[in-house]
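Peer 1: Could you look at this predicted model? Sequence included:
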Amino acid sequence: MADGWRVRIRHLTLLEYEGDAQSSYNEVRMTPLDDRGQTTLDQRLVVRPATPVWTYRDYWGTQVSVFDVPKAHRTLSIEAISRVETSGPRPLGKPLGWAALREVDGPIAEYLRPTERTTIAPEVATAQVHGRDPHEAAEAIAWAVHERVSYVPGSTGVLTSAQEAWDLREGVCQDMAHLTVALLRAAGLPARYVSGYLHPHRNAAVGEAVAGQSHAWVEYWAGDWVALDPTNRSKVGESHVVVARGRDYADVPPLKGIYQGPPAGRQVVKVEVTRLA
C-alpha cells in the first residue's frame with residue numbers, strides 16, 4: 001500500500017491461577033482485520049495448553065477466536081502473532097449534509113444509539129457544529145476531548161463511562177474514545193469504537209522490536225467511515241492497526257472468558273511491535 005508500513009505484532013497474554021482451573025471457555029479478539037485500510041498478510045494464535053481453536057466473524061465484523069480448555073491447568077498462555085500492511089490517512093471525500101445524516105437507517109443507524117459507556121448528560125452533549133460541515137465538526141469534537149481529558153494511566157477502569165471521564169478530566173485512550181463517540185453521536189454523526197494496536201514511534205526504525213500498545217480510537221460516518229485518534233490528536237494512519245470495531249469497549253475486549261477454579265489469579269499482557277518495512 002502506498003505510504004504504508006509493514007508491521008509485525010506479537011500480543012502475549014498469560015493467565016496464572018492460584019491453583020488448578022478445571023476448565024475454561026474463552027473468546028479472543030486479537031486478529032487484525034483484513035480491511036480497506038490494511039491487509040493482514042498472515043496471522044496465527046498459539047494457545048497453551050494446546051487445544052483446537054475455531055474462528056467466526058461477530059455481528060460488528062471482528063474476527064473472533066474461541067476455544068475450550070477442558071482439562072485442569074494452572075496457566076493459560078495466548079499468543080497472537082500477525083503481519084499487517086497498513087496505510088496512511090485517506091483523503092477526505094465530500095461529506096453528506098446534516099439533513100441527509102438525520103435520515104440514516106439500517107446498520108449504520110445503530111451507531112447513533114448511546115450505550116451505558118457512551119451516555120452523557122444533556123448539558124455535555126452540546127457539540128459545536130454550527131457553521132461546520134460534518135468533517136470539521138468531528139475533528140473539533142475529537143480535538144476538544146483531547147484538550148479536556150488528560151492522559152493518566154491507571155486513573156480509570158474498563159467500566160468507566162464517558163460521563164465519568166468528562167467529570168474526572170482524566171483517563172486513558174479507552175475513555176477518550178468513549179467520550180468522543182458519545183459526543184459524535186450527540187451531534188448526529190454515527191460513530192463506532194475501534195480497538196487495535198499503535199506503534200509508539202511515528203518515525204519507527206525498520207527491524208527494531210519495541211513495546212507496543214493496545215489502543216483505542218474512533219470512526220465516524222459522513223457518507224464514508226473516517227478514523228480519528230483523540231488521544232494523540234491525530235488522523236489514523238500507518239502506525240495504527242485495526243483489530244475490532246463495535247459500539248463501545250463491551251463489543252471488542254481482547255480476551256473474554258469464564259473458568260471453573262480458584263477465585264484469584266494473575267494476568268500478564270505484553271505487546272511487541274516491529275516495523276518490517
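Peer 2: Cool, the structure landed. Numbering: from 1, shown residues only.
Peer 1: hey, let's count contacts and neighbours off CA atoms from now on
Peer 2: OK.
Peer 1: May I have the secondary structure class of the residue nearest to the spatial centre of the chain?
Peer 2: Centroid check for the chain by CA atoms, centre = their mean gives Ser195 as the closest residue, at 0.9 Å. Recorded secondary structure, Ser195: strand (DSSP: H, G, I helix; E, B strand; the rest coil).
Peer 1: what are the bridge partners for it, then?
Peer 2: Judged by DSSP bridges, the bridge partners of Ser195 are Ala216, Ala244.
Peer 1: Next up, the contacts around it.
Peer 2: 214-217, 242-245, 252 (CA atoms under 8 Å, 6 or more residues apart in numbering).
Peer 1: ok, 7 Å please
Peer 2: Taking CA atoms under 7 Å, 6 or more residues apart in numbering as the contact definition, Ser195 lies against 215-217, 242-245, 252.
Peer 1: ok, so of those, who is nearest Leu92?
Peer 2: Using CA to CA, Trp217 comes nearest to Leu92 of those, at 17.7 Å.
Peer 1: Is there a neighbour count for the closest one? I'd like the number.
Peer 2: 29 (other CA atoms under 10 Å).
Peer 1: do Ala121 as well
Peer 2: Using other CA under 10 Å: Ala121 sits among 9 other residues.
Peer 1: For it, give me the backbone phi and psi.
Peer 2: phi -70, psi 150 (degrees, to the nearest 10).
Peer 1: if I look at it, how far off is Pro253?
Peer 2: 26 Å (CA to CA, to the nearest Å).
Peer 1: any idea of the mean pLDDT for stretch 220-232?
Peer 2: Per-residue pLDDT values over stretch 220-232 give a mean of 97.
Peer 1: Equivalent analysis for stretch 66-85, please.
Peer 2: Mean per-residue pLDDT for stretch 66-85: 97.
Peer 1: do the same with stretch 259-277
Peer 2: Rounded mean pLDDT across stretch 259-277 is 94.
Peer 1: Buried ones in it, by neighbour count?
Peer 2: 261, 271-276 (16 or more other CA atoms under 10 Å).
Peer 1: same deal with stretch 93-103?
Peer 2: So stretch 93-103, judged by 16+ other CA under 10 Å, has buried residues 95, 98, 101.
Peer 1: Please narrow those residues to those residing in strands.
Peer 2: Among the buried residues of stretch 93-103, no residue falls in strands (DSSP state E).
Peer 1: didn't Ala222 look like it was pressed against Pro95?
Peer 2: Yes: here Ala222 reaches Pro95: they are 5.1 Å apart, a contact under CA atoms under 7 Å.
Peer 1: Need the overlap of contacts for those two.
Peer 2: Joint contacts of Ala222 and Pro95 (CA under 7 Å, 6+ apart) are Pro134.
Peer 1: For Glu139, which three-state class applies?
Peer 2: helix.
Peer 1: Distance of it relative to Glu27?
Peer 2: Relative to Glu27, and taking CA to CA, Glu139 is found at 34 Å.
Peer 1: so when I look at Glu110, I'm seeing a helix, right?
Peer 2: Yes: going by three-state DSSP, the assignment for Glu110 places it inside a helix.
Peer 1: Quick one: neighbours of it, just the number.
Peer 2: Neighbours of Glu110 under the rule other CA under 10 Å: 14.
Peer 1: ok, and the closest non-adjacent residue to it?
Peer 2: Pro190 (7.7 Å; CA to CA, 6 or more residues apart in numbering).
Peer 1: I'd say the one you found and Glu219 touch.
Peer 2: No: between Pro190 and Glu219 there is no contact under CA under 7 Å: 8.5 Å.
Peer 1: For the longest strand belonging to the chain, list every residue counted as buried.
Peer 2: Criterion DSSP E: the longest strand present in the chain is strand 6-21. When burial is assessed from 16+ other CA under 10 Å, strand 6-21 yields the following buried residues: 6-14, 16-17, 21.
Peer 1: and which of these is nearest Thr39?
Peer 2: Thr39 lies nearest to Arg6 out of these, by CA to CA, at 9.3 Å.
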